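Engineer: Sequence and computational prediction follow.
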Amino acid sequence: RGSGSERHVVNVAGTATGAQLKLKVSTLTGVPTNKLLIFFVGGAELKDEATLGEQGVQNRERLEMRVGREAALPSSALAAAHASLSEIGTALAALEAELSEQQPVHQEHFTRLLERLDALDLQGLQQEDRAAVRPKRKALVLQTEQASERAKCLQETIR
């Protein structure tokens, strides 16, 4: 969403960087890339050099655009929640990569990720911010449970 509450749909691969996303948005809006700030809704700013997948952007996730560096930054509690979700997503992606290479992964790894997701403190967040974090957390819980099941099946196949 731009400053005038315009909505734009931008399709990019998870391997695209934040800078590549900004270039597409700039083409649509006419706003120079150096003036664009792109955030998780109410959350942390996307980094130009990292891929969207590395930053934990999920398929069909809504992002927020602001113009200019003077825009107010999101709350630190929300930024911390998004950072935690991103770290968990990165750890889960590493475990899924091991599984795709048919390497056994111990269930304890999935249990620890689920514990981290359960321990994510949403109480310090505004209602709107909690609503932005919950779907991402829920998606990571589901993805972790599915990976755990794949790991169990792989273990049974190896035995």
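Structural biologist: Nice, I can see it. Here the structure is a predicted model, which means the values were calculated and not measured. Numbering: from 1, shown residues only.
Engineer: Now do the same contact list for residue 12.
Structural biologist: Contact analysis of residue 12 by Cβ atoms under 8 Å, 6 or more residues apart in numbering lists 20-21, 24, 52. All C-beta spots, glycine's among them, are computed from the backbone N, C-alpha and C.
Engineer: do you know how far residue 63 is from residue 128?
Structural biologist: Distance of residue 63 to residue 128, given as Cβ to Cβ, to the nearest Å: 15 Å.
Engineer: more crowded one of those two?
Structural biologist: residue 63 (17 against 10; other Cβ atoms under 10 Å).
Engineer: could you list every residue that touches the more buried one?
Structural biologist: Contacts of residue 63 (Cβ under 8 Å, 6+ apart): 21, 38-41, 46, 57.
Engineer: Quick check: which ranges of the protein have low pLDDT?
Structural biologist: Flagging of the chain using pLDDT under 70 yields the residue ranges 1-5, 41-42, 68-75.
Engineer: Between which two of the contacts of residue 63 is the distance greatest?
Structural biologist: Across the contacts of residue 63, the longest distance by Cβ to Cβ is 14.7 Å; it joins 21 and 41.
Engineer: Give me the neighbour count for the residue nearest to residue 17 when sequence neighbours are not counted.
Structural biologist: Closest residue to residue 17 in three dimensions, ignoring its sequence neighbours and counting by Cβ to Cβ, 6 or more residues apart in numbering: residue 51, at 5.5 Å. For residue 51, the neighbour count with other Cβ under 10 Å is 17.
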